[in-house]
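Chemist: Predicted model and sequence follow; I will ask about them next.
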Amino acid sequence: MKTLRLLTILALGGGLAFAYWSSNDGRWSVHAEVSPAAAQAERTPLYYRDPSGAPLWSAGPRKDDRGRDYLPVYDDDQVAAAAPKPAQVESSRKILYYRNPMGLPDTSPVPKKDPMGMNYVPVYEGDDADDGTVKLSPGKIQRTGVKSEPVERRAIRVAVKAPGTIQLDERRVSVIAMRAESFVQKVADVTTGTRVKAGQPLMEIYSSAVASAAAEYLATITSKTVGGVEVYGRGSRQRLVNLDVPESVIAEMERTRVAPVTIHWSAPRNGIVLERNAIDGMRANPGDVLFRIADTSVVWALVDVAERDLGNVAVGQSVAVRARSFPGRVFSGKIAVVYPQVNRDTRTVRVRIELANPDAALLPDMYVDANIDTADAAPVLVIQDSSVLDTGTRQAVLVDKGEGRFEPREVKLGRRGGGYIEVRDGLADGEAVVTSANFLIDAESNLKAALKGFAEAAPPAPGPDHATGEHK
């Protein structure tokens, strides 16, 4: 029977040695095991690194400021650090260099860590293609939330908003003033704010000039010699018209053949009395305004449009006006006039909008907000406004070429509205552009371009300085 007899256990340095007798072979055998510490002691360290992970190295043993020994780094440690872990293996492509993980212009031909202990990121062959595209891995595309949408055609709706006030229609305001010295005999029960109708009596006026003209006209039309000749009475009648005698009063004189002592003055139009200066018994000199009446069935909205929006505004466009006094109510109108002058202080242009006001809800000097619809019925090529990378001097988009490749392309833009921007040049129908996370792709493109140029121009990365013990 084969037997093994253990005779002794010897301690050899940092390891163990076992001696045993084999009856089968008829001899002694010794088996020695060397501990990892002993095996590591037999190797020569390449250099020593700071125990805290700081970017400090030494050619020989030393201590840090806290009294801790620097850690030796062996050749096997460098190989293990350079070998990627299975979870970090991105592809079997060749690694060109390693870039700083924080995006600083610093590269290294071998793996290393930054001052914060972060591993440098490998740059693989093919990542820095010279075809003008940016290539991202599927994992990075998914993590950053990159989304692309095809270019389409649609109508751009540009809503121009402008504040303004309500004003009276200048063509619908009437003033009652005497053209000759007169006296107000009696004023009707009409006050400021009263709504009157055309032909409604307002006051009784006595004027010697009117009475003289009326008597002359009656004498002419009642004369047996020239009464039947119309041309003879035309001059006398025109004198009454020139004194602004109401037509109804002249017609009554022709019917009754009687010259009235006082003249009943009536309202010339439907509207609201804005001003009443007539008082019983007062003397009215020529030109004195006794009544001012305005028709408010149609009013103006005078809004101030910013100078930058002037190119989108034109006469005839529909406008929705909202009064701050009537939330939820919309007054519809159209642009009637775009005033040919820019306010030098506010850099705005005044626009007149005519609004129907049948219930007199809109009052003069009322604040309103206008929303001008500048929609063009013709569809144009558009992209989402989030797709544009605007530097101020140029605008670009990222075209999705498929398979993780993105091409930066400069475009010329037009009108904006509704979350879309018109593309006048640079894109074609059906091309897909990045609408989300495009700034991250742009940053990646700029970083790769900078690192590539830096890597081509930079000298080889320095190693440990064995003379001073520091890494430069």
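Modeler: Arrived safely, thanks for sending.

Chemist: Residue 323 against residue 329, yeah?
Modeler: Yes - counting by C-beta atoms under 8 Å, residue 323 touches residue 329, with 6.9 Å between them. Placement of C-beta: from N, CA and C, glycine included.

Chemist: which one of these two has more residues nearby?
Modeler: A direct count of neighbours by other C-beta atoms under 10 Å for residue 323 and residue 329 places residue 323 higher, at 19 against 10.

Chemist: residue ranges with poor pLDDT in the chain?
Modeler: Where the chain drops to pLDDT under 70, the residues are 1-42, 55, 75-93, 102-105, 125-137, 139-142, 144, 226-232, 375-377, 437-472.

Chemist: what residues do residue 323 and residue 329 have in common as contacts?
Modeler: The contact sets of residue 323 and residue 329 overlap at residue 361 (C-beta atoms under 8 Å, 6 or more residues apart in numbering).

Chemist: What is the end-to-end distance of stretch 44-63?
Modeler: Across stretch 44-63, the terminal residues are separated by 18 Å (C-alpha to C-alpha, to the nearest Å).

Chemist: In three-state terms, label the residue nearest to residue 53 when sequence neighbours are not counted for me.
Modeler: Spatial nearest neighbour of residue 53, chain neighbours left out: residue 117 (4.5 Å); criterion: C-beta to C-beta, 6 or more residues apart in numbering. Put simply, residue 117 is coil when judged by DSSP: H, G, I helix; E, B strand; the rest coil.

Chemist: Verify the stated contact: residue 117 with residue 101.
Modeler: No - using C-beta under 8 Å, residue 117 is not in contact with residue 101, being 10.2 Å away.

Chemist: Name whatever forms a beta bridge with the closest residue to residue 337 other than its chain neighbours.
Modeler: Leaving aside its sequence neighbours, residue 337 sits nearest to residue 352 (C-beta to C-beta, 6+ apart; 4.1 Å). Applying DSSP bridges to residue 352 gives these bridge partners: residue 302, residue 337.

Chemist: ok, residue 352 to residue 339 distance?
Modeler: 7 Å (C-beta to C-beta, to the nearest Å).

Chemist: quick one, which of the two is more surrounded?
Modeler: residue 352 (18 against 13).

Chemist: Let me see the contact set for that one.
Modeler: Residue 352 makes contact with 300, 301, 302, 335, 336, 337, 338, 339, according to C-beta under 8 Å, 6+ apart.

Chemist: Which member of these is positioned nearest residue 191?
Modeler: The shortest gap between residue 191 and any of the contacts of residue 352 belongs to residue 300, at 25.5 Å (C-beta to C-beta).

Chemist: tell me which element the closest residue to that closest one other than its chain neighbours is part of?
Modeler: For residue 300, ignoring the flanking residues on the chain, the nearest one in space by C-beta to C-beta, 6+ apart is residue 167 at 4.7 Å. Residue 167 is part of strand 159-168 when elements are defined by DSSP states H and E.

Chemist: Can you name every helix or strand that the helix or strand just after that strand contacts?
Modeler: As assigned by DSSP H and E, the chain's next helix or strand after strand 159-168 is strand 173-177. With contacts taken as 3 or more C-beta pairs under 8 Å, 6 or more residues apart in numbering; DSSP states H and E, strand 173-177 sits against strand 289-294.

Chemist: what sits up against the strand it packs on?
Modeler: With C-beta under 8 Å, 6+ apart, strand 289-294 has contacts from 168-169, 172-178, 184, 190, 196, 202-203, 267-269, 271-278, 284.

Chemist: Let's see that with 6 Å instead.
Modeler: Identification of contacts with strand 289-294 by C-beta atoms under 6 Å, 6 or more residues apart in numbering yields 168, 173-177, 202, 267, 271-278.

Chemist: so how far is stretch 157-169 off the chain centroid?
Modeler: 20 Å (C-alpha atoms, centre = their mean, to the nearest Å).

Chemist: ditto for stretch 353-360
Modeler: Centroid separation between stretch 353-360 and its chain, computed with C-alpha atoms, centre = their mean, is 32 Å.

Chemist: Name the residues linked to residue 348 by a beta bridge.
Modeler: With DSSP bridges as the criterion, residue 348 is bridged to residue 306.

Chemist: Could you tell me how many residues sit around the nearest residue to residue 150 once chain neighbours are set aside?
Modeler: In space, residue 150 comes closest to residue 432 once its chain neighbours are excluded; the distance is 5.0 Å by C-beta to C-beta, 6+ apart. By other C-beta under 10 Å, the residues close to residue 432 number 17.

Chemist: end-to-end on stretch 407-427?
Modeler: 12 Å.

Chemist: quick one, strands of the stretch 51-200 of the chain?
Modeler: Here the stretch 51-200 of the chain has its strands, by DSSP state E, counting those that start in this stretch, at 57-58, 71-73, 95-99, 107-108, 121-124, 134-135, 147-150, 152-154, 159-168, 173-177, 182-187, 195-196.

Chemist: tell me the contacts of residue 401?
Modeler: By C-beta under 6 Å, 6+ apart, residue 401 lies in contact with residue 407.

Chemist: For it, give me phi and psi.
Modeler: Dihedral pair for residue 401: phi -90, psi 0, per degrees, to the nearest 10.

Chemist: Could you check how far it is from residue 434?
Modeler: According to C-beta to C-beta, residue 401 and residue 434 sit 11 Å apart.

Chemist: and if you look at residue 307?
Modeler: In terms of C-beta to C-beta, residue 307 sits 33 Å off from residue 434.

Chemist: ok, now residue 324?
Modeler: For residue 324, the distance to residue 434 equals 42 Å [C-beta to C-beta].

Chemist: Strands of the stretch 251-400 of the chain, start to end?
Modeler: With DSSP E, counting those that start in this stretch as the criterion, the stretch 251-400 of the chain has strands spanning 263-266, 271-276, 283-284, 289-294, 298-306, 318-323, 331-342, 348-356, 367-373, 380-384, 389-390, 395-402.

Chemist: export these to TSV and tack on distance to residue 240?
Modeler: Output for the strands of the stretch 251-400 of the chain, formatted as TSV (distance: least, C-beta to C-beta, whole Å):
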stretch	distance to residue 240
strand 263-266	10
strand 271-276	25
strand 283-284	18
strand 289-294	19
strand 298-306	32
strand 318-323	44
strand 331-342	37
strand 348-356	36
strand 367-373	44
strand 380-384	64
strand 389-390	72
strand 395-402	72
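
Chemist: Need the phi and psi values for residue 197.
Modeler: phi -110, psi 160.

Chemist: ok, now which ones touch the closest residue in space to it that isn't next to it in sequence?
Modeler: Distances taken as C-beta to C-beta, 6+ apart put residue 270 closest to residue 197, at 5.2 Å, once the chain neighbours are dropped. Each residue near residue 270 by C-beta under 6 Å, 6+ apart is listed here: 197, 198, 295.

Chemist: Tell me the spacing between the second one and residue 293.
Modeler: As for residue 198, its distance to residue 293 is 9 Å (criterion: C-beta to C-beta).
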